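Asks: quick one, fold the following:
(2 chains)
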Amino acid sequence: MTGAALASLRALRSRGTPLSGSVNPVHRSLRFQLIAIVVVTVVTVLAGSQWLDTRLSERALERDVTERGRIYLRTIDSLWGRSDSETLAEELHALVDGDRDLTAIDVFGRRNEGFALDLTTRTGAGIPRGALRPEEERKLLSDGFVDVARSAPDGIVTWRMAVPLSRDGAVVGAAQVEFTLADIKRLENWFRVIDVTMLLASAIVISLLLAVFLGRRVARPVEVLVDGMRRAESGELGARVAVPGGGEFAFLGRSLNKMLTSVEDLTSGLESRVRQATHELAETNRELEAANEKLWRAQLEVGRSERLAALGQMAATIAHELGTPLNSVLGYTQLLLRDGLPAEHAGKLGVIESQVQRMIETIRSVLDRTRDRELSRTPVTIAPLVSEALALISTRLAGRALVLENEVPRELPAVPGDAAALRQVLINLLANAIDATEPPGTITVGAAVVTPNGRTARQLEIRVTDTGHGIPPEELRRVFEPFYTTKGPGRGTGLGLAIVDHIVRAHGGQVVIESAAGRGTTMRVRLPLET
Amino acid sequence: MAQEITKRDTDAPPSARRLVILAEDDTAFRGLIASVLEREGYEVVEAADGVALLASVETALTIRRERADAFLVVADIRMPGLSGLDVLAILRCASCATPVILITAFGDEATHAEGRELGAAAVFDKPFDVEQLRSAVIETMPPW
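Replies: Below you'll find the predicted structure:
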């Protein structure tokens, strides 16, 4: 049964039919098939045994009747020799009366042509029925026994047996007994009805018992198994089946549970591995992004540093080459000026001198900006430095309606650094802010101790905010590049922020720009307080 | 070896005037400084490079028999061959106490520091006011 159930399930799986839709038909067909097979078998066996039983009882009846016929015929033979016809008739009537099945006895006398009825127990119209037919007579003479059974349409069997009667070795007559098996046949029919009824009843009972049994022992476990498999198939790997009782189905259930446990373990292992792998991948991606960002920054920085270094070298060379001739011009001019020339000439020479001085100043400022000098590390108090820078830069306002506000608190901790360089940073940032702001506007300098990004190291943040035109996002990245300027020709060298960045980096800090086009810019210089 | 030692005529008698050896590879500028110093009454010996400068110093010490601290050297730092700093180092190694005023073009802090370390009397940064140089020379060693 287990095999059949499995085969059915397997067939079902291989057809790809969803299990859920055909659970009941499977059970029903299985149950009905089994019941049908059993019922057919039972009916066949019972019918066969019935048939055999009938045959056997018929044979027994036949033997019994034949035996009784022979006995009666022998009795008639012996009576026929000794008694007269009156006595014989009485004797024969007595025999017929004594046996319910024995319906008639005929005694024939031999004539020239054949046998003629001498004596019979039959009465009325039944007489001719007992007459011997010519082929019967011949058989009687040749075989010494005739046995004829005739079945009437009403099911009544008439059975005749005849033997020859001999006197001194010659056949002089014949005796015939006739049995009518009406009662037996009736009984037989009655029994057949009972048998068929029994057959049907037993078939029904067996079917019912089998249905109950199959329902309990097959259909229910199969249903449980299929339900479990369906749940597992729909992804509920935690599903377990509880097959009642023992036997193959329980074993199947336990195997299914074990398999599901394995699958669940495997799946959860796989899931956790996938999750782990995904996590690792994301982590790697993040690291990669961070590394990329770092690399990009480094490249940018290297580019800036290189340009700044090249610039420094170039400036130094030019300065050296220009220094001497400029000094000659300046010196000779001064010599001439001392010679007491007419005022007109002296004035012109004064212009020459001032122009030369301007050239010298320009060269010096470029050199100062590009030259890498050793930064000192002394505690620098920011507040006075800011005041100083504001005082220096205020000359650049040249009457423009810009307000410079100092919001730096007095009680800030000193930052380790180079005061001159940091002043340069402030001046450059302020100069930038002034250049970027159209009057009327406000430039605010503030400072605070911060710990950005939740880092533990405290930093001093100096903030220069303007209300200027701001920096577009695409330009934000480039503002620290040397020679990058948005100012018109002759208004900026493009070195200001490059130098700011350079100095702040040399202090281990960083510059952060926040800007929105049209709404101003905030430059934040963050310097580490602890080295 | 480029060598250019010139003696200029001035009003004061040569022996009475203090000697300044001036080393500078730029002729125009050398002429300017020389004219300023001569106007102050110094006897100026000019040299176009470091080697000529050393030769002039040697001449002053051996032929003119000047005391080492009785004359002055004004030298540009960057010159062909030996630099002003090289010459200063050589003089100091030779225990020659001749005062030296160095001139550099847009010199950086390191150059200034090196010059001072070697015992330069002053370090001038081109372009400078010749008036300042004049004052420094007079201060280091008066012409009379």
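Asks: ranges for the helices of the chain?
Replies: Went with chain A since none was named. Taking DSSP state H as the criterion, chain A carries its helices at A:2-15, A:23-82, A:85-98, A:134-143, A:182-214, A:220-233, A:247-338, A:343-370, A:382-393, A:419-436, A:473-476, A:496-506.
Asks: my question was about chain B
Replies: For chain B, the helices defined by DSSP H occupy B:27-39, B:50-62, B:84-93, B:109-117, B:130-140.
Asks: which one of the ones you listed has the poorest average confidence?
Replies: If those are sorted by mean pLDDT, helix B:109-117 sits at the bottom with a mean of 87.
Asks: tilt between that one and helix B:84-93?
Replies: Orientation of helix B:109-117 against helix B:84-93 (axes from the mean of the first three to the mean of the last three C-alpha atoms, to 10 degrees) gives an angle of 20 degrees.
Asks: briefly note if helix B:109-117 comes near chain A.
Replies: Yes: for helix B:109-117, a contact with chain A is found by C-beta under 8 Å from any C-beta of the partner chain, at B:109-110. (C-beta placed from N, C-alpha, C; glycine too.)
Asks: point out the other helices and strands that that helix packs with.
Replies: Judged by 3 or more C-beta pairs under 8 Å, 6 or more residues apart in numbering or on different chains; DSSP states H and E, helix B:109-117 is in contact with helix B:84-93, strand B:100-105, strand B:122-126.
Asks: in it, what counts as buried?
Replies: In terms of neighbour count (16 or more other C-beta atoms under 10 Å in any protein chain shown), helix B:109-117 has its buried residues at B:111-112, B:114-115.
Asks: residues in contact with the residue in the stretch 351-500 of chain A that chain B sits nearest to?
Replies: In the stretch 351-500 of chain A, the residue that lies nearest chain B is residue A:360 (4.9 Å; C-beta to the nearest C-beta). Residues counted as contacts of residue A:360 (C-beta atoms under 8 Å, 6 or more residues apart in numbering or on different chains) are A:326, A:330, B:127.
Asks: could you dump these into TSV and include neighbour count and pLDDT?
Replies: Listed next are the contacts of residue A:360 as TSV, based on neighbours: other C-beta atoms under 10 Å in any protein chain shown; pLDDT from 0 to 100:
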residue	neighbour count	pLDDT
A:326	21	89
A:330	23	90
B:127	26	86
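Asks: make a markdown table from these and add distance to residue A:393 to it.
Replies: Conversion of those to a markdown table gives the following (distance: C-beta to C-beta, whole Å):
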| residue | distance to residue A:393 |
| --- | --- |
| A:326 | 28 |
| A:330 | 28 |
| B:127 | 27 |
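Asks: out of these, who's nearest residue A:446?
Replies: Using C-beta to C-beta, residue B:127 is the member of those that lies nearest residue A:446, at 40.5 Å.
Asks: can you give me phi and psi for the closest one?
Replies: Here is the backbone geometry of residue B:127 (degrees, to the nearest 10): phi -80, psi 130.
Asks: same question for residue A:121.
Replies: Here is the backbone geometry of residue A:121 (degrees, to the nearest 10): phi -90, psi -10.
Asks: roughly how far does it sit from chain B?
Replies: Using C-beta to the nearest C-beta, to the nearest Å, residue A:121 is found at 169 Å from chain B.
Asks: now for that residue, how many residues are close by?
Replies: 21 (other C-beta atoms under 10 Å in any protein chain shown).
Asks: which residues touch it?
Replies: A:89, A:92-93, A:96, A:104-106.
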